[in-house]
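> Structure for this input, please:
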Amino acid sequence: MTNPDWEKFKQQLLTERAELEKDLAKVGRESPDRPGEWEVTPLAESEATMRDDVATHLEEMDEREEVEVGLEERYEEVKAALARLEAGTYGVCAVGGEPIESDRLAANPAARTCKAHRDSGDSRSSPTAV
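Next up is the predicted model:
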């Protein structure tokens, strides 16, 4: 893979990181005790008082936590890919050391593994199953 491809993937990763940060801010905040990690924030008081059922409120918090966990997992994958770009190890399979196919990186710029090792190294499968 060539450096121009890496620049394209870097821009995609930076864009995705910014979008994930916006989405995370909708359901949580960066933890003051654990920098770099996110935590779910409670519903706004006005939202909570509009609900007359405590069970509904708890269900909403569970849903917000599920969303936050998924977003944070992807956020960490994107940050790790950006770190690999900076370190010069981007595009190299974390399992076998071979180059990651460009179509795999196009489908998931944060991919850590080649197609052959996709199931053994990536916690997130690409949406297009490349």
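
> so after the longest helix along the chain, what's the next helix or strand?
In the chain, taking DSSP state H as the definition, the longest helix is helix 54-87. Proceeding N to C from helix 54-87, the next assigned helix or strand is helix 102-107, under DSSP states H and E.

> Going by neighbour count, list what's buried in that next one.
Arg104, Leu105, Ala106 (16 or more other Cβ atoms under 10 Å). For every residue, glycine as well, the C-beta is placed using N, CA and C.

> any chance of those in a markdown table, with pLDDT and distance to Lys26 too?
Listed next are the buried residues of helix 102-107 as a markdown table, based on pLDDT from 0 to 100; distance: Cβ to Cβ, whole Å:
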| residue | pLDDT | distance to Lys26 |
| --- | --- | --- |
| Arg104 | 94 | 30 |
| Leu105 | 94 | 28 |
| Ala106 | 92 | 28 |
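
> Pick the one among those closest to Thr89.
Closest approach to Thr89 among the buried residues of helix 102-107 (Cβ to Cβ): Leu105, at 13.2 Å.

> so that closest one touches Val92, yeah?
No: Leu105 is beyond contact range of Val92, at 11.0 Å (criterion: Cβ atoms under 8 Å).

> Okay, and Ser120 sits in which element?
Using DSSP H and E, Ser120 falls in helix 118-121.

> chain center to that helix: distance?
Relative to its parent chain, helix 118-121 has a centroid offset of 17 Å by Cα atoms, centre = their mean, to the nearest Å.

> Give me the buried positions along it.
In helix 118-121, counting by 16+ other Cβ under 10 Å, buried: Arg118.
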